[in-house]
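**Student:** Starting from these lines, generate the structure:
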Amino acid sequence: MKIKDLQADERPREKMLSRGAGALSDGELLAVLLRSGTRDRSALDLARLLLARADGRLGTLFHFSRDRLLALPGIGPGKAASVIAAFELGRRFLQEESSVVKSPVTTARRIYELMLPQMKGLQHEECWVLLLNSRCYLVGKLLASSGGGNATVIDIRQIIRLALDKGADSIVLVHNHPGGNPTPGPADIRETDRLRRGLSAVGLSLLDHVIVSDDCFFSFNEDRMYRAGD
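**Tutor:** Presented below is the predicted three-dimensional model:
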């Protein structure tokens, strides 16, 4: 069925304008982005095809490359660009929101919630350092390494220098496991111990090391793994 054959208040764009974006399904929102269909498929049909190829998961669709989008029938450069741009805007919005910390960073869950927008869906490892003042408020955040394989290798001297420059009293180390299991490996344990000893030598402390996956995380300080909904 073509979109013009739907009742006016059931067409994705009109429905969004009258009821708000929250009233639309994922497929309807994608249809608004795609704007138009083809001779054989409506924009809504194309949107549903996109979702079907991503197993119904926006997180999977997020990782579709330009070439993979263009390989789908009915998706040209303009439509592919619209989808990629929408996901990138959403990612930047979440990062912008998470950078405004209005409460102390004192628990592993708070750290996970702060960093998940930065790390969710990554297919490579990233290691971040959170710099905290004496009241555990965030005074700085920096990417320590990116693109690693199965181990987190960090430059301890660089971290110490930045922490001292920012006047931090403690730091939190955060890195992700793209495979989905945040349980620390031997290299993670070894690097955490090295960093803890290095910080202690200059009067700084390691508040925690949190390993993040999309729906769970592990805290060295609390010595346990949590599910996102726990």
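
**Student:** Ends of stretch 199-211, what's the gap?
**Tutor:** 19 Å (Cα to Cα, to the nearest Å).

**Student:** neighbouring contacts of it?
**Tutor:** The contact list for stretch 199-211, computed with Cβ atoms under 8 Å, 6 or more residues apart in numbering, reads 105, 108, 111-112, 115, 132, 136, 156, 159-160, 163-164, 168-177, 182-184, 188, 192, 195-196, 217-222. C-beta coordinates here come from the backbone N, C-alpha and C atoms, glycine included.

**Student:** Quick check on the residues you listed: which are buried?
**Tutor:** 105, 108, 111-112, 115, 132, 136, 156, 159-160, 163, 168-177, 182, 184, 188, 192, 195-196, 217-220 (16 or more other Cβ atoms under 10 Å).

**Student:** Keep only those of those residues that are in helices.
**Tutor:** Applying DSSP state H to the buried ones among the contacts of stretch 199-211, the entries found in helices are 108, 111-112, 115, 156, 159-160, 163, 188, 192, 195-196.

**Student:** Only the buried residues of stretch 36-46, if you could.
**Tutor:** 37, 41-46.

**Student:** Residues contacting that stretch, please?
**Tutor:** Contacts of stretch 36-46 (Cβ under 8 Å, 6+ apart): 1-3, 12, 27-28, 30-32, 34-35, 49, 72-75, 79.

**Student:** For ChimeraX, write the select line for the buried members of these.
**Tutor:** Selection of buried members from the contacts of stretch 36-46 for ChimeraX, criterion 16+ other Cβ under 10 Å:
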select :3,12,27,28,30,31,32,34,49,74,75,79
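
**Student:** tell me which residues of the lengthiest helix in the chain are tucked away?
**Tutor:** Counting by DSSP H, the longest helix found in the chain is helix 77-98. Residues of helix 77-98 classed as buried by neighbour count (16+ other Cβ under 10 Å): 79-80, 82-83, 87.

**Student:** care to break the protein down by domain?
**Tutor:** Using automatic domain parsing, the domains assigned to the chain come out as 3-96, 100-227.

**Student:** any chance of those in CSV, plus mean pLDDT?
**Tutor:** Below are these laid out as CSV (pLDDT from 0 to 100):
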stretch, mean pLDDT
domain 3-96, 85
domain 100-227, 89
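
**Student:** Just the CA atoms of stretch 201-209, as PDB, please.
**Tutor:** Taking C-alpha atoms only, stretch 201-209 is exported to PDB below (Å, rounded to 0.1, in the frame of the first residue of the first chain):
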ATOM      1  CA  ALA A 201      53.000   7.100  44.000                       C
ATOM      2  CA  VAL A 202      52.000  10.700  43.300                       C
ATOM      3  CA  GLY A 203      49.100  11.000  45.800                       C
ATOM      4  CA  LEU A 204      46.300  10.200  43.400                       C
ATOM      5  CA  SER A 205      43.800   7.400  43.700                       C
ATOM      6  CA  LEU A 206      42.000   5.100  41.300                       C
ATOM      7  CA  LEU A 207      38.400   5.300  42.300                       C
ATOM      8  CA  ASP A 208      37.300   2.400  40.000                       C
ATOM      9  CA  HIS A 209      37.900   0.700  36.700                       C
END
